[in-house]
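Asker: Next comes the sequence, and after it the predicted model I'd like to discuss.
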Amino acid sequence: MLAVALVAAGPTVGDVGTATTGAAGAEAATPNRSSSPSAGTSAAIRTALRVPGVQTLGYRLVRGRPHDTNAFTQGLALRGGVLFEGTGLYGASRIERRTYPGGRVTARRALPARDFGEGVEVLRGRVYQLTWREGRVHVYAARTLRRLTTLRYRGEGWGLATDGRRLIMSDGTAVLRFRNPTTFRALRSVTVRDGRRRITRLNELEYVAGAVLANVWKSDRIAIIDPANGRLEGWLDLSGLNPDPARPSGQNVLNGIAFDRRTGRLLVTGKRWPRLYEIVPRTAGRR
Ligand SMILES: [Ca+2]
């Protein structure tokens, strides 16, 4: 069924059959130890950072897994076989902890009805969840999702990632802010640009191989950004992955990136998408 849906969806057809069986079979024999699968995403991202000009990366689709079509996905993070997903909308926002793969829910917490949940990230045993216009970031224990504290910030909250030391936050503009994880105070910021053009609507984030990846809201593209200076280094073009290209509501857009360090794959999904996809970016040419 997955293959059929993807054939209808677009230009990834040739990738589906070979990648699904080939990659999965190869990795089953060498779980977690082979350097080749784990090099996939990181190698492609590093190439985009290294090669002059803005690279456009395609992707290899490995597989799709079920995703809750009620989930208005706003944040996605994976740590050690645990997937954290935060969802939005007033009165329906929540944070959830599930096994991955497998999908068994091990903890779930609803946000107050006044909060519209946004980006989610995990750092040092804590889970952070932004809110859209409420200026609150909820902090939970990663193992239980028990709320530890709530910190404040100014402006809107969209996406959240970490470089292992600081939290990196988007707010719907072209600006990324680096924040102290204890106080949530802004330490520095960069403006994301392609040459002189600002790249706005930066949404869900992920930090991979020294780059910040950012969904651009209402597009099928993920920006590859050098966090040192905000320079756009590439695009990951996910055209054809969205199972609902008509998007009648205009809301059910790509919004969710997590990096699986064990397999070297990216997990991507969107708001109310029926599938979460495992993909590996690959160099497809230069713009
Ligand atoms: Ca993420």
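Answerer: Structure received. Just so it is clear, the model here is predicted, and its values are computed rather than measured.
Asker: In contact with the closest residue to the ion within the stretch 101-250 of the chain, which residues are there?
Answerer: Residue of the stretch 101-250 of the chain nearest the ion, by C-beta to the ion: residue 206 (4.0 Å). Backbone N, C-alpha and C define where each C-beta goes, glycine included. Remark: with contacts taken as C-beta atoms under 8 Å, 6 or more residues apart in numbering, residue 206 is in contact with 76, 77, 161, 212, 213, 257, 258, 259, 266.
Asker: Let me have those residues in TSV, extended by distance to residue 251 and pLDDT.
Answerer: Putting the contacts of residue 206 into TSV (distance: C-beta to C-beta, whole Å; pLDDT from 0 to 100) gives the following:
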residue	distance to residue 251	pLDDT
76	17	97
77	22	98
161	23	98
212	24	98
213	21	98
257	18	96
258	21	97
259	25	97
266	22	97
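Asker: Just the ones of those residues in strands?
Answerer: 76, 77, 161, 212, 213, 257, 258, 259, 266 (DSSP state E).
Asker: give the contact list for the residue positioned nearest the centre of the chain.
Answerer: The chain has residue 257 as the residue nearest its centroid, 1.5 Å off, counting by C-alpha atoms, centre = their mean. By C-beta under 8 Å, 6+ apart, the contact set of residue 257 is 76, 204, 205, 206, 213, 215, 222, 266, 267, 268.
Asker: Distance-wise, check the closest residue to residue 231 other than its chain neighbours relative to residue 257.
Answerer: Distance criterion C-beta to C-beta, 6 or more residues apart in numbering; nearest residue to residue 231, sequence neighbours excluded, is residue 193 at 6.6 Å. Separation of residue 193 from residue 257 (C-beta to C-beta, to the nearest Å): 21 Å.
Asker: Likewise for residue 130?
Answerer: 15 Å.
Asker: ok, which stretches of the stretch 1-150 of the chain are strands?
Answerer: Taking DSSP state E, counting those that start in this stretch as the test, the strands found in the stretch 1-150 of the chain are 55-66, 73-79, 82-87, 94-99, 105-110, 117-123, 126-131, 136-141, 147-152.
Asker: name the helices or strands packed onto the third one?
Answerer: Helices and strands touching strand 82-87, by 3 or more C-beta pairs under 8 Å, 6 or more residues apart in numbering; DSSP states H and E, are strand 73-79, strand 94-99, strand 117-123.
Asker: okay if I get the ones you listed as a markdown table plus distance to the ion?
Answerer: Below are the helices and strands packed on strand 82-87 laid out as a markdown table (distance: least, C-beta to the ion, whole Å):
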| stretch | distance to the ion |
| --- | --- |
| strand 73-79 | 5 |
| strand 94-99 | 13 |
| strand 117-123 | 7 |
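Asker: Minimum distance to residue 181: which of those has it?
Answerer: Residue 181 lies closest, by C-beta to C-beta, to one member of these: strand 117-123, at 5.3 Å.
Asker: Against which helices or strands is the closest one packed?
Answerer: strand 73-79, strand 82-87, strand 94-99, strand 126-131, strand 160-162, strand 167-170, strand 202-208.
Asker: and the last one with strand 117-123, angle?
Answerer: Meaning strand 202-208. 10 degrees (axes from the mean of the first three to the mean of the last three C-alpha atoms, to 10 degrees).
Asker: Quick one: mean pLDDT for strand 202-208?
Answerer: For strand 202-208, the mean per-residue pLDDT is 97.
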